[in-house]
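>>> no sequence on this one, just coordinates:
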């Protein structure tokens, strides 16, 4: 069976407006975690976050969007999708084709406009334009309508593994003959729902997060979007391929609504399944882009799962120390970073690390370096124990 390869990528985050800008920030250790400027919240000035460096009004002008009900989440998605389409050189005919699938992912969806919806609901009798933008599917539908796409369309919400599962699902559509190609990824914007919710769980840090550090004090929320174009290798006809999607795994340890089991059962099973589907053994993994949120539970359990699966844990790091935790967009964003690792044969360091977790002793990558990489693993773990792992291989 023909391999599924990545032919286009698009990305916007707190560390850059494009794939190349993000890579430059990773190489030069420029974090996007800082005090926010554009989003209005009672926690501004108290809790650092990774905010895209443009106001919603600026982003709307960029895409000529006059509709006030189009959310910031959707505009970030459009930004990443457009870059991915141009990068893959998809024609209008290919976009219109029923053979082109679109799978989006998000956690917050249109909930970033909850205040506007609530205000309208109390002030108007004839309805509100914000209602149609409120659910998760509105992000994907905005993309579909803008490009006139006619193929399979889906939206996935499995918390922080959402866009990793969008990639996984897009690959399955291609593999089983429901699509010739797939545009897959996710988007997330800052929202009071998630800021207040995570703060209520006491897992937001008042300083930049320190994944896998002994003194880690929680995560920083972020926003952004990333989309990839997946195609069958046999259809490339001279087009470049960044990497092959060699394997993927999905599991659920069903331990707790907001944490992974202490033994890391779900992460272990998702990584194990991804290895089995790729036909690789654990020793062949060159690097792991860890979920690495900087919380007490995640970093310890992910470390235990890696140590259980690998006789010798490969080099690993967490790019959330740059972008914050972008929830439903994180899996796709970190898939792009993993592909950049492979394509440019380089490793990006974790930031803010000083001392290993005593129970595990694992130390992430701490300096940028050039390395020979063949297979890279990317982990995404969500609330409810939704665990997903992707493996990308050098083409």
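Yep, that arrived. Fair warning: this is a prediction, and the values are worked out from it, not measured in the lab.

>>> am I right that residue 12 is in a helix?
No - counting by DSSP: H, G, I helix; E, B strand; the rest coil, residue 12 falls outside a helix, being strand.

>>> pretty sure it contacts residue 227?
No - the pair residue 12 / residue 227 is not scored as a contact, 10.0 Å apart, by Cβ atoms under 8 Å. Using the backbone N, CA and C atoms, a C-beta is placed for each residue, glycine as well.

>>> shared neighbours, the two?
80, 83 (Cβ atoms under 8 Å, 6 or more residues apart in numbering).

>>> neighbour-wise, which of the two wins?
residue 227 (36 against 29; other Cβ atoms under 10 Å).

>>> the host helix or strand of that one: how far from the chain's middle?
According to DSSP states H and E, residue 227 maps onto strand 224-232. Distance of strand 224-232 from its chain centroid, counting by Cα atoms, centre = their mean, to the nearest Å, is 11 Å.

>>> separation between residue 83 and residue 90?
Distance from residue 83 to residue 90, counting by Cβ to Cβ, to the nearest Å: 12 Å.

>>> ok, back up a step: and the next helix or strand after the strand holding residue 227, which residues are buried?
Next in sequence after strand 224-232, counting helices and strands by DSSP H and E, comes strand 243-252. Within strand 243-252, the residues scored as buried using 16 or more other Cβ atoms under 10 Å are 243-252.

>>> what lines up beside the strand holding residue 227 in the sheet?
strand 4-12 (antiparallel), strand 181-188 (antiparallel) (DSSP bridges).

>>> and the angle from the last one to strand 243-252?
Read that as strand 181-188. Here the directions of strand 181-188 and strand 243-252 differ by 60 degrees (axes from the mean of the first three to the mean of the last three Cα atoms, to 10 degrees).

>>> so who does the closest residue to residue 372 other than its chain neighbours touch?
Distances taken as Cβ to Cβ, 6 or more residues apart in numbering place residue 345 nearest to residue 372, at 6.3 Å, with adjacent residues excluded. Contacts for residue 345 (Cβ under 8 Å, 6+ apart) come out as 370-373.

>>> what pLDDT does the model give residue 345?
We note a pLDDT of 98 for residue 345 in this prediction.

>>> could you measure from it over to residue 140?
From residue 345 to residue 140 the distance is 34 Å (Cβ to Cβ).

>>> ditto for residue 284
According to Cβ to Cβ, residue 284 and residue 140 sit 35 Å apart.

>>> between the two, which one's more packed in?
residue 140 (26 against 15).

>>> the more buried one touches residue 149, doesn't it?
No - with contacts counted by Cβ under 8 Å, residue 140 stays clear of residue 149, the gap being 9.6 Å.

>>> find residues that contact each of those two.
residue 102.

>>> and the spatially closest residue to residue 240 that is not a sequence neighbour, how many neighbours?
Leaving aside its sequence neighbours, residue 240 sits nearest to residue 7 (Cβ to Cβ, 6+ apart; 6.7 Å). By the measure other Cβ under 10 Å, the count of residues near residue 7 is 22.
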